[in-house]
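[1] I would like to see how this sequence folds:
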Amino acid sequence: LPDGSLRIGALVTHRAVELSPLVREHSPLVSETFATVANVRVRCQATVGGVLCDADYASDPPAALAALQATVIAVSRRGQRAIPVSDFIVGHYATSLQPDEIVTHIVVPKPAVKIHGVYLKYRTRSHEDRPCVGVAVAAQLLPDGRCQDLQVVVGAVADTPKRIDSALHMARNQRLTPDLIQAIADRYAEEIDPLGDLRASSEYRKAMVRVFVKRAIQAALSRNPNGGAAWN
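    Predicted coordinates for the structure are as follows:
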C-alpha cells in the first residue's frame, strides 16, 4: 500500500504467504508463522481469511497478526470496516463480524521502528500439528537498546489470543534484561487462565506459558544482537 503497509487478500493461501518474497521482506514474522501451520498440503488449501474467520483457538496465525497489530477489513453494503485482529476473534469459533459482512483482506502496518519478532509453537503431541501454546513477539527497540514497544500475544491457551497489557507496560522505555523478561513471563502466567484439553491440562499450560513467553522474547532479541540487522 502507499503508506508501506502490507495488504494480504482473504483468499491468499498460507503457502503463498509463506513463499512470498514481498511478505518476507515486509514482515518475516508473518511468513514464518504461516509456514508453521500443519503441513504443506493444508497450507496449499487454507486461506488467510479462512483461518481468521474460523476463530479456532488452536490456530497459529492470529497470535502473530495480533502482535503485529494487523487489521481485518470487512465489507458490507453499509461500507467498509477495519477491525484490529486483537478484537476480531471474540470466542470459540466466534468473531466480531456482522451477519452481512465478509472479510476482503488484512493489513499489516509498516512499523516506525524495525521489529525484532518471532513465533514459537509448542506441540505436546508428536502426531499433531496444532499447538499446545503459541507465543508471538514483536519488539521495537530504541537505538540505545531500550524497548520502545513490546507486543507479546499467546495463542492456543484460551478462547481468544491473549495479550497482558500490564506485563507489556513493564517493558516500556526499559532494557529487556533477563530479570525483566522473567517478570513479564511470570505476569503472563499469573494473568492467563488457560483451558484444559487433550493437548494439556490447564496447570501444564500455565507452566508452559511462563516458559515460552520467556523463550520467545529471548529468541526475538537474539536475532538482532547489539542492535544489528533487524527485521523490517
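
[2] For the rest of this, base every contact and every neighbour count on C-alpha atoms.
    Fine.

[3] the strands in the protein, which residues?
    6-9, 71-76, 79-84, 89-91, 94-95, 102-108, 115-122, 133-141, 147-155 (DSSP state E).

[4] Helices of the protein, start to end?
    Per DSSP state H, the chain carries helices over the ranges 14-19, 21-26, 28-35, 40-43, 48-54, 61-67, 85-88, 165-169, 178-191, 202-222.

[5] tell me, what residue is most central in this protein?
    Computing the C-alpha centroid of the chain and ranking residues by Cα atoms, centre = their mean puts A64 first, at 1.6 Å.

[6] State the pLDDT value of the residue nearest to that one when sequence neighbours are not counted.
    Nearest non-adjacent residue to A64, counting by Cα to Cα, 6 or more residues apart in numbering: A136, 5.0 Å away. If you check A136, the pLDDT there is 98.

[7] show me the residues around A136 that make contact.
    Residues in contact with A136 (Cα atoms under 8 Å, 6 or more residues apart in numbering) are A63, A64, A67, G117, V118, Y119, L120, Q151, V152, V153, V154, A216.

[8] now with 6 Å?
    A63, A64, V118, Y119, V152, V153 (Cα atoms under 6 Å, 6 or more residues apart in numbering).

[9] so the residue nearest to the fifth one when sequence neighbours are not counted bridges to which residues?
    Residue nearest to V152 in three dimensions, not counting chain neighbours: V137, with 4.6 Å by Cα to Cα, 6+ apart. On the basis of DSSP bridges, V137 takes part in beta bridges with V118, V152.

[10] Low-confidence stretches in this structure?
    Applying pLDDT under 70 to the chain picks out residues 224-232.

[11] for the residue nearest to V152, what are its contacts?
    Taking Cα under 6 Å, 6+ apart as the test, what V137 contacts is G117, V118, Q151, V152.

[12] Go again with 8 Å.
    Counted by Cα under 8 Å, 6+ apart, V137 has contacts 64, 67, 116-119, 150-153, 216-217, 220.

[13] how close does it sit to Y188?
    To Y188, V137 is 13 Å away according to Cα to Cα, to the nearest Å.

[14] circling back to that earlier point, what's the spacing between the residue nearest to V152 and S222?
    Counting by Cα to Cα - V137 and S222 are separated by 12 Å.

[15] Likewise for S96?
    Distance from S96 to S222, by Cα to Cα: 36 Å.
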